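J.: here is a sequence with its predicted model. Questions after.
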Amino acid sequence: MYGDVVGELSDWTDGVLTITRKDGTVTRVAEHTLVAGKVVPAVPTRGPSALAPAVLQAALDRAWPAVEHEALGGWHLRAAAGFTRRANSVLPLDEPGVPLDEALAHTERWYTDRGLPTRLQVVVGSPLDLQLAERGWGTEASAIVRTARLAAVHDRLTGVTVPDGLTVTVTDELDADWMSVYHKTAPSGPAADAARHVLTGSRGTFFAEATTADTPVAIGRCTVDLSTGLRLANFTAIEVAPPHRRQGLARAVMAALTTRALSEGAVLAYLSVEPENTPARTLYDTLGFTDHHHYHYRTRA
């Protein structure tokens, strides 16, 4: 009797095929039992490396929505009470529709009115990046956007366990325990309010939390975006409290998030990481993420 196994072929080693199904379950099939195989393109199958940087920059913007927005042609002006550079900077996805110097003057007035510095989030080496450099705009806060096939990431996390006494849960709600581990904002005030808006403002967002004795010790966040047909999963805020690091908790959080993301229909995984964050880059290396493009922020010197 024959049977079908439908999923993504994530490994073929030593005569065993490893197939990750859409719901995240993993099936291994001995090569000698294989009768036939075919490609079933249920979703777009192009790899993440084929995506233009602007596609992922726009996706990052959807996954990290600012409190205020204004469009200037193809530029998106964003503000969120100073919470993170991304949510308080210009995202130039296309031409601004006016001469560059006029566009820069407008954005500087817009951010000055909000008591914020003027920053543009630009892909390193892009034409706008070079034009701003010619005008003397400096750089700060570089980041690397990394991508992977979600099923392959999930497969590398199969079998991950957490230390005794720890549990990992995934929920659609952002609670105070999760925020207590998150280091990028104060617990109250305008920036904290803006942070909650940014963290919860995107549809398809869920949160992972590892706890011990009812104390949160590690967190993570994922946003599944099906709006463009690319079926993207964005991972952010993977953090472990200092006393609990080097115990595999980041991998446990990622395992929980990838399982949920697969069940939501995501296919491609992406994230951004600072070049100097060696522990995070090492983790993502082991999960199969590769560099897609670099971006940084240009600000007037």
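T.: Happy to help now that I have it.

J.: quick one, what contacts Ala30?
T.: Gly15, Val16, Leu17 (C-beta atoms under 8 Å, 6 or more residues apart in numbering). Just so you know, the C-beta spots here come from the backbone N, C-alpha and C atoms, and that holds for glycine as well.

J.: at 7 Å what do you get?
T.: Listed by C-beta atoms under 7 Å, 6 or more residues apart in numbering, the contact set of Ala30 reads Gly15, Val16.

J.: okay, and the beta partners of it?
T.: Val16 (DSSP bridges).

J.: which residues are in contact with the longest strand anywhere in the chain?
T.: The longest strand of the chain (DSSP state E) is strand 137-149. Residues outside strand 137-149 that contact it (C-beta under 7 Å, 6+ apart) are 8, 48-49, 56, 85, 268-275, 284, 287-301.

J.: and the helices in the stretch 51-200 of the chain?
T.: With DSSP state H, counting those that start in this stretch as the criterion, the stretch 51-200 of the chain has helices at 53-63, 100-113, 127-134, 150-156, 176-181, 190-200.

J.: can you list the weak-confidence ranges in the stretch 151-300 of the chain?
T.: Residue ranges of the stretch 151-300 of the chain with pLDDT under 70: 186-189.

J.: which stretches of it form strands?
T.: All strands of the stretch 151-300 of the chain, identified by DSSP state E, counting those that start in this stretch, fall at 166-171, 205-212, 215-225, 232-240, 268-273, 290-300.

J.: Ala79: which of the ones you listed is closest?
T.: Across those, the minimum distance to Ala79, taken as C-beta to C-beta, is reached by strand 290-300, at 14.3 Å.

J.: partner strands of that closest one and their direction?
T.: By DSSP bridges, strand 290-300 pairs with strand 119-123 (antiparallel), strand 137-149 (antiparallel).

J.: just name the most buried of the ones you listed.
T.: strand 119-123 (a mean of 22; mean count of other C-beta atoms under 10 Å).

J.: chain center to that strand, what's the gap?
T.: 17 Å (C-alpha atoms, centre = their mean, to the nearest Å).

J.: relative to helix 127-134, how tilted is it?
T.: For strand 119-123 against helix 127-134, the angle between stretch directions is 130 degrees (axes from the mean of the first three to the mean of the last three C-alpha atoms, to 10 degrees).

J.: give me the angle between strand 119-123 and helix 53-63.
T.: Using the same axes, to 10 degrees: strand 119-123 against helix 53-63 is 130 degrees.

J.: next one: the closest residue to Thr299 other than its chain neighbours relative to Arg300, how far apart?
T.: Nearest residue to Thr299, sequence neighbours excluded (C-beta to C-beta, 6 or more residues apart in numbering): Arg119, at 4.9 Å. Here the criterion is C-beta to C-beta, to the nearest Å. By it, Arg119 lies 9 Å from Arg300.

J.: cool, and Gln247?
T.: Distance of Gln247 to Arg300, computed by C-beta to C-beta: 44 Å.

J.: again with Arg251
T.: Arg251 is 41 Å from Arg300, by C-beta to C-beta.

J.: confirm for me that Trp178 is in contact with Thr205.
T.: No: with contact defined as C-beta atoms under 7 Å, Trp178 does not reach Thr205; the gap is 11.9 Å.
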